[in-house]
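Engineer: need a 3D model of the following:
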Amino acid sequence: MVPGFILSEITAQEPGAGPSLDVATAAGRTLQLTLGITRSLEQESLDVTIWASPDGVEWGKQPVATFPQKFYCGTYTIMVDLSRHPDARFVRAQWKMNRWGRGSLKPLFGFYIFAETPKVLAATAAATA
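Structural biologist: Coordinates of the predicted model:
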């Protein structure tokens, strides 16, 4: 089901993985993924990867997409070409965090990930249909 949240907004302090999102309706197409960071502390980083699965159980050995490492609040967008992963029926996010410096070394990030079909590509496809 696209559009939809791959990960609804959470506040995390530990590495983790989100639930799977069924993207069968977007098979062979491009997905636009938006990472929104709503809360962060200074001197910390967030690494988010996107994984694909044909069955929602086995997630492979490599992610299908990786957001560049993030340090600050904001929204960040990447494109994922699912035609390069023809067996992808489900996707999910995984994340790792790091904190350094003084004080507590426990990281804290509030973030979400939203998936949709890119508007430019959707408009082009509708015009040629």
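Engineer: show me where this protein has strands.
Structural biologist: 4-12, 16-17, 21-22, 30-40, 44-53, 65-66, 74-81, 90-99, 109-116 (DSSP state E).
Engineer: lowest-confidence stretch among the ones you listed?
Structural biologist: The minimum mean pLDDT among the strands of the chain belongs to strand 21-22 (a mean of 90).
Engineer: helices and strands around it, which ones?
Structural biologist: strand 4-12, strand 90-99 (3 or more CB pairs under 8 Å, 6 or more residues apart in numbering; DSSP states H and E). Any C-beta I mention is one placed from the backbone N, CA and C, and that applies to glycine too.
Engineer: direction included, what does it pair against?
Structural biologist: strand 90-99 (antiparallel) (DSSP bridges).
Engineer: and the strand it pairs with, what's buried?
Structural biologist: Phe90, Val91, Arg92, Ala93, Gln94, Trp95, Met97, Arg99 (16 or more other CB atoms under 10 Å).
Engineer: can you tell me which of the residues you listed is nearest Gln62?
Structural biologist: Gln94 (11.6 Å; CB to CB).
Engineer: now do the residue lying closest to the closest one once chain neighbours are set aside against Arg99, distance only.
Structural biologist: Computed as CB to CB, 6 or more residues apart in numbering, the closest residue to Gln94 that is not its neighbour in sequence is Ala17, at 4.5 Å. Per CB to CB, to the nearest Å, Ala17 is found 20 Å from Arg99.
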